[in-house]
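[1] A structural model of the following input is requested.
(4 chains, ligands or ions: 4)
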There are 2 protein chains.
Amino acid sequence: MPHCHTFIAALRQHGYRITPQREMVIEVIAHSRQHMTAEEVYAEVQKRTHAVNIATVYRTLDLLVEEGLASRADLGGGQVVYATAAHGPHIHLVCRQCGLVVDADVVPFEPLFRQIEAAHGFVCSPQHFAIYGQCAACRAAADAVPERG
Amino acid sequence: MPHCHTFIAALRQHGYRITPQREMVIEVIAHSRQHMTAEEVYAEVQKRTHAVNIATVYRTLDLLVEEGLASRADLGGGQVVYATAAHGPHIHLVCRQCGLVVDADVVPFEPLFRQIEAAHGFVCSPQHFAIYGQCAACRAAADAVPERG
DNA sequence: TTCGTTGTTGCAACTGTTTGCAATAAGAGA
DNA sequence: TCTCTTATTGCAAACAGTTGCAACAACGAA
Ligand SMILES: [Mn+2]
Ligand SMILES: [Mn+2]
Ligand SMILES: [Zn+2]
Ligand SMILES: [Zn+2]
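    Ligands and ions are numbered 1, 2, ... in the order given. Model (predicted):
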């Protein structure tokens, strides 16, 4: 698992300046094991110092994604979550009812991606993609209260 | 292919009132063969009459989706497109470079969805989901201009 | 240590979308 | 046809995210 100074060194090596604001954002996202929305990162940063603007949080997260140090996953419905590169490629199963996000293996999909490439010339780069549906809990709840109570 | 009056009849049957605004939105989306964003629907409606507010366009599209008369597909990056139910279930291949959207068959994915259901208890309902990547044209362009000129 | 370049930030304006609310009008019933 | 109920609308405010720009500050050079 890469630590804060790894990210900072990588940015510096690419000619970016290391500011306290960038350090704070990196600190937060590097110490989180889960995905985080930009707002969540911002809230966490605010707990430590108010000297970081929300626009800077967005810009820093974008920078990390561009530099390959973090991943951006669009979960639909405006939900965009970020994670460090340590959080490897996988699929997101998003429950439309409760919003739960379950990580799933991407490997079984790979033959299909190659099939799509052969058929359409389209190269899939699905490090993080979302499939919508209904989670086990919501399904159970729905089954327990069928159409006519 | 269901026509305007089919949608209108369906709404009326469900107790919704038929307003000129709703008729205009239905008219536009029913006569379009492709996906449309809400803004595109609004622009098309404006060509005929200025008597429809953008908020009403959003609300009408939401209503059509809720009633199963239209589908909403989140293509990521804030792009949300609508189409009538005539535009059946399929996958969207979204080019990250040029934004091109290619429709692809969803059928080959279905065994994997059942596999996910078995492993996670998660029921996939992927009538419309998006896979990001690079389209054939953008790939060709990138190949023509390799790393060093 | 100081200076200067220029990459980075905060701010405020702006985008696309949603929402509360009072005014309006669809459509059922008299 | 007219009336009444209430679903629907337009509007303006609220919302998350983006962007232009002037002020600021990181950091290499002197
Ligand atoms: Mn994940
Ligand atoms: Mn489609
Ligand atoms: Zn759920
Ligand atoms: Zn392309």
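[2] give me the low-pLDDT residue ranges for chain A?
    A:1-2, A:145-149 (pLDDT under 70).
[3] repeat that for 80
    For chain A, the stretches flagged by pLDDT under 80 are A:1-2, A:126-128, A:144-149.
[4] how about the residues of it by DNA strand C?
    Applying C-beta under 7 Å from any atom of the strand, we find that chain A lies next to DNA strand C at A:15-17, A:19, A:21-22, A:51-53, A:55-56, A:59-60. Bear in mind the C-beta positions are built from the backbone N, C-alpha and C, glycine included.
[5] the domain parsing of chain A - what is it?
    Domain assignment for chain A, taken from automatic domain parsing, gives A:1-85, A:88-149.
[6] quick check: residues of chain A near ligand 3?
    Applying C-beta under 5 Å from the ion, one finds that chain A approaches ligand 3 through A:95, A:97-98, A:100, A:135, A:138.
[7] got the domains of chain A as TSV, with distance to ligand 4 and mean neighbour count columns?
    Output for these, formatted as TSV (distance: least, C-beta to the ion, whole Å; neighbours: other C-beta atoms under 10 Å in any protein chain shown):
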stretch	distance to ligand 4	mean neighbour count
domain A:1-85	18	16
domain A:88-149	9	16
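[8] now the strands for chain A?
    A:36-37, A:70-76, A:79-84, A:90-95, A:101-104, A:123-124, A:128-134 (DSSP state E).
[9] and of the ones you listed, who's closest to residue A:3?
    When the strands of chain A are compared by C-beta to C-beta, strand A:79-84 sits nearest residue A:3, at 9.8 Å.
[10] dump that closest one to CSV, restricted to CA.
    Output of strand A:79-84 as CSV, limited to C-alpha atoms (Å, rounded to 0.1, in the frame of the first residue of the first chain):
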residue,chain,number,x,y,z
GLN,A,79,-22.2,9.7,-7.3
VAL,A,80,-18.5,9.8,-8.2
VAL,A,81,-16.1,8.1,-5.8
TYR,A,82,-12.3,8.2,-5.6
ALA,A,83,-9.8,5.7,-4.2
THR,A,84,-6.1,5.3,-4.3
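[11] so is it next to DNA strand D?
    Yes. Counting by C-beta under 7 Å from any atom of the strand, DNA strand D has neighbours in strand A:79-84: residue A:80.
[12] tilt between that strand and strand A:70-76?
    Compare the direction of strand A:79-84 with that of strand A:70-76 by axes from the mean of the first three to the mean of the last three C-alpha atoms, to 10 degrees and you get 160 degrees.
[13] can you list the strands that strand A:79-84 pairs with?
    Using DSSP bridges, the strands paired with strand A:79-84 are strand A:36-37 (antiparallel), strand A:70-76 (antiparallel).
[14] tell me where chain A has helices.
    Listed in chain order, the helices found in chain A under DSSP state H are A:4-13, A:20-30, A:38-48, A:54-66, A:110-120, A:136-144.
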